[in-house]
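Okay, sequence plus prediction incoming.
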Amino acid sequence: MFRMHSVKTHSPTFGFLLTVYLAGVIVLGGAANGGEFQNQLLQAVAPLILVFILWCEKNISFSLLQKLVAALFVLCPLLAGLQLIPLPSDFWSQLPNRDVILTGFSLLNDPIPDMPVSLAPLETASGLFHFLPPFALFILTAYVLATERPFILYLPLLIVSLGVLSALLGLAQAIGPPQSNLYFYTVTNRGSGVGLFANANHHSAFLLMCLPFLVVGTTGLIGHIKNHQHHLAVRIASTTGALMLVFGVLAAGSFFGYAMLGPVAIASTLLLGTRNSPSRSIPFSRIFSIRGVIIFFGAPVLAAIGYAFATSPILPNIGITVVNLDGTLARPQLFAGALQTLIDCFPIGAGLGAYQALYPLYEDPNFVTSTYANHVHNDYLEFTLELGLLGAIIICTALILWAVTSYRAWGKTKASGANLQRAASISIFIVIAHSFVDYPLRTAAIAGLSAVAVGILVGPRSEPRRRGRLRLGEKRLVL
């Protein structure tokens, strides 16, 4: 059995660093295609954090799951870096989907130089640094769990606070004029409630990710506070926060947010069953219980009610999203073109970030406009298109790891940290589902929060909690 050996510290150094950096990533990293200075700043800070961690602590050993996840984090930029190595022209010319470039050299009567695998080397080089912030947050989370575990109690509160802030900003944006100065980015969905983000879909996904952490943060506080008179205040604050997150999702005008709001809200309520006893297990047989029936039938009902409310004419900027299945930029057409590109570039791949350069080659010339697709809006297709067969293997490995660790978190356990891991499992599932129709992980904020959730999910749990109330001065995780 693999465990992380903890090292005692006298001050919450790593916890404070995790709090500050995660807040910075969420506030500054809300755009996948914009905010270059903010993203570069976050990428520059990440290596400094990693060096600081290595300098401070040397006695931490990772579990097998943590090593596997860390290996995936390292493997992605390593594979992309290999795509930048120039290859001999004779070998490079045999790679798939290089015909257009070879034709260009032939027309110019120029010799073929040594070329890298990537068809967009500058974008690939830039994409290497995008993995730094989430990797730094994952390592920070692992160290906090090992050395300052009681500090994890405050992490859901930070996530929810930032979610409520973004939701309130999104409501103000939806109510105000489209040209309002409340928008942080030039290229954004004006008229929608995007909050701290540039994209309404990404904002909705972020708010949905906050919901399970709201529940586990509330139950943790109630279990942590000995004075029963303060419980009501915590419940009122929690209910208000939940309403703000829900209204924020509705104001974003994202169909994905409308469709997932009900299922995520109901799944999060499963965490309420462990408020007074974190050691209480949640067996999978519950799926077939009365609560499971309510979830099965209640989720689509709540989703329909949320969509009906969001499309009401009370606020003109709420419910503006429509499902567009026609046109060259509709999801089915983008998926079809990306799939053909993937087949043409398989198994080597076109290079990290190369899709935008390849898109014009597969665009119907009869429908070319000034609008273009910067991403496939399906990260599984795009990542495989860019990194080839090895990229597909990385995706499958990551999904298997999530399934295994989620099964462990939701199964029978006496560890008091299981409730927090269940919340992390729900949060990651939102990103997994959203990646089928969008590119959430290419936004630093969602990638960073996902990395923290992964760190919690694969991290060690605390020991089984002793019976009895929390005493003054005693620090014990109750999530």
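Noted; the coordinates are in hand. Residues are numbered from 1 along each chain as shown.

Centroid-wise, who is the farthest residue in this protein?
Distance from the centre of the chain peaks at Asn109, with 47.4 Å (Cα atoms, centre = their mean).

Can you say which helix or strand has the closest residue in space to Leu171 that isn't next to it in sequence in it?
Spatial nearest neighbour of Leu171, chain neighbours left out: Ala251 (5.0 Å); criterion: Cβ to Cβ, 6 or more residues apart in numbering. For the C-beta atoms, the positions are set from N, CA and C on the backbone; glycine is no exception. Element membership for Ala251, per DSSP states H and E: helix 231-252.

Ile53 now?
Using DSSP H and E, Ile53 sits in helix 36-56.

That helix packs against which elements?
Contact partners of helix 36-56 among helices and strands, from 3 or more Cβ pairs under 8 Å, 6 or more residues apart in numbering; DSSP states H and E: helix 13-28, helix 132-147.

Okay, now the unreliable bits of this protein?
Residue ranges of the chain with pLDDT under 70: 1-12, 57-59, 228-229, 273-329, 367-371, 412-416, 462-479.

re the thing from before, next, the contact list for the residue farthest from the centre of the chain, please.
For Asn109, no contacting residues are found, by Cβ atoms under 8 Å, 6 or more residues apart in numbering.

same question, the one 5 residues further on
Contacts were defined as Cβ under 8 Å, 6+ apart; by that measure Asp114 touches Pro86, Leu87, Pro88, Ser89, Trp92.

so how far is Pro88 from it?
With the distance defined as Cβ to Cβ, to the nearest Å, Asp114 ends up 6 Å from Pro88.

so where do the helices sit in the stretch 151-300 of the chain?
Using DSSP state H, counting those that start in this stretch, the helices of the stretch 151-300 of the chain run over residues 155-175, 200-224, 231-252, 255-269, 290-310.

Same list (the ones you listed) but as CSV, adding mean neighbour count.
What follows is the helices of the stretch 151-300 of the chain, written out as CSV (neighbours: other Cβ atoms under 10 Å):
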stretch, mean neighbour count
helix 155-175, 22
helix 200-224, 27
helix 231-252, 19
helix 255-269, 22
helix 290-310, 15
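
Relative to Glu382, tell me which of these wins on proximity.
Closest approach to Glu382 among the helices of the stretch 151-300 of the chain (Cβ to Cβ): helix 200-224, 15.2 Å.

by contact count, what packs against the closest one?
The contact analysis (3+ Cβ pairs under 8 Å, 6+ apart) places helix 200-224 against helix 155-175, helix 231-252, helix 255-269, helix 418-434, helix 444-458.

From the chain's centroid, how far away is the longest one?
Looking back up the chat, that one is helix 231-252. 21 Å (Cα atoms, centre = their mean, to the nearest Å).

Give the other helices and strands that that helix contacts.
Counting contacts by 3+ Cβ pairs under 8 Å, 6+ apart, helix 231-252 packs against helix 155-175, helix 200-224, helix 255-269, helix 290-310.

Present those helices as CSV; the columns should include distance to Leu399.
Shown next, in CSV, are those (distance: least, Cβ to Cβ, whole Å):
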stretch, distance to Leu399
helix 155-175, 23
helix 200-224, 17
helix 255-269, 18
helix 290-310, 22
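
send the alpha carbons of stretch 441-459 over as PDB?
The C-alpha coordinates for stretch 441-459 follow below in PDB (Å, rounded to 0.1, in the frame of the first residue of the first chain):
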ATOM      1  CA  LEU A 441      -9.000  23.000 -19.900                       C
ATOM      2  CA  ARG A 442      -7.400  25.400 -22.200                       C
ATOM      3  CA  THR A 443      -8.500  28.100 -19.800                       C
ATOM      4  CA  ALA A 444      -5.900  28.500 -17.000                       C
ATOM      5  CA  ALA A 445      -8.600  29.100 -14.400                       C
ATOM      6  CA  ILE A 446     -10.500  25.900 -15.000                       C
ATOM      7  CA  ALA A 447      -7.200  23.900 -15.600                       C
ATOM      8  CA  GLY A 448      -5.900  25.200 -12.300                       C
ATOM      9  CA  LEU A 449      -9.100  24.400 -10.300                       C
ATOM     10  CA  SER A 450      -9.200  21.000 -12.000                       C
ATOM     11  CA  ALA A 451      -5.600  20.300 -11.000                       C
ATOM     12  CA  VAL A 452      -6.400  21.100  -7.300                       C
ATOM     13  CA  ALA A 453      -9.400  18.800  -7.600                       C
ATOM     14  CA  VAL A 454      -7.300  16.000  -9.100                       C
ATOM     15  CA  GLY A 455      -4.700  16.500  -6.300                       C
ATOM     16  CA  ILE A 456      -7.500  16.100  -3.700                       C
ATOM     17  CA  LEU A 457      -9.000  13.100  -5.400                       C
ATOM     18  CA  VAL A 458      -5.700  11.100  -5.800                       C
ATOM     19  CA  GLY A 459      -4.300  12.300  -2.500                       C
END
